[in-house]
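> Based on what follows, work out the 3D shape:
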Amino acid sequence: MLSFFSIVVVICNFSKRIINDFKLFSDPEHEDMFLEDKIDSVRRQIGVNVSQGDTFSISFTGKNPETVMEITNALGTYFIDENLKV
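Residues are numbered from 1 along each chain as shown. I've put the predicted structure just below:
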């Protein structure tokens, strides 16, 4: 059975990958932002809801609907790929 904690840990570990893969914070106004602050910002945009059994939902909030959809799909893929390694 998946635990809320294990899901959150796995997904939050992908924050840096999400930043790089989707070129988040690449605009000039964020160039002086520390990586830790960028990671924290992305983590706050991720939502995880664990239901009964092995079901869960992942959400991501942002301004651009297409990017939000792509990041949410990537989070699901990252998690599934990570679970297949175990």
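> C-alpha from now on. contacts and neighbour counts both.
Fine.
> For the chain, list the residue farthest from the centre, please.
Pro28 (22.7 Å; Cα atoms, centre = their mean).
> ok, now which ones touch that one?
Residues counted as contacts of Pro28 (Cα atoms under 8 Å, 6 or more residues apart in numbering): none.
> export the longest helix belonging to the chain as PDB, just CAs?
Identified as the longest helix of the chain according to DSSP state H is helix 65-85. Provided in PDB are the C-alpha atoms of helix 65-85 (Å, rounded to 0.1, in the frame of the first residue of the first chain):
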ATOM      1  CA  PRO A  65      -2.700  25.500 -18.300                       C
ATOM      2  CA  GLU A  66      -0.700  23.700 -20.900                       C
ATOM      3  CA  THR A  67       2.500  23.700 -18.700                       C
ATOM      4  CA  VAL A  68       0.400  22.700 -15.600                       C
ATOM      5  CA  MET A  69      -0.900  19.700 -17.600                       C
ATOM      6  CA  GLU A  70       2.500  18.700 -18.800                       C
ATOM      7  CA  ILE A  71       4.100  19.000 -15.400                       C
ATOM      8  CA  THR A  72       1.300  17.000 -13.700                       C
ATOM      9  CA  ASN A  73       1.700  14.300 -16.300                       C
ATOM     10  CA  ALA A  74       5.400  14.300 -15.800                       C
ATOM     11  CA  LEU A  75       5.000  13.900 -12.000                       C
ATOM     12  CA  GLY A  76       2.800  10.900 -12.500                       C
ATOM     13  CA  THR A  77       5.300   9.400 -15.000                       C
ATOM     14  CA  TYR A  78       8.300  10.100 -12.600                       C
ATOM     15  CA  PHE A  79       6.400   8.400  -9.800                       C
ATOM     16  CA  ILE A  80       5.400   5.300 -11.800                       C
ATOM     17  CA  ASP A  81       9.000   5.000 -13.200                       C
ATOM     18  CA  GLU A  82      10.400   5.300  -9.600                       C
ATOM     19  CA  ASN A  83       8.000   2.600  -8.300                       C
ATOM     20  CA  LEU A  84       8.900   0.200 -11.100                       C
ATOM     21  CA  LYS A  85      12.500   0.300  -9.900                       C
END
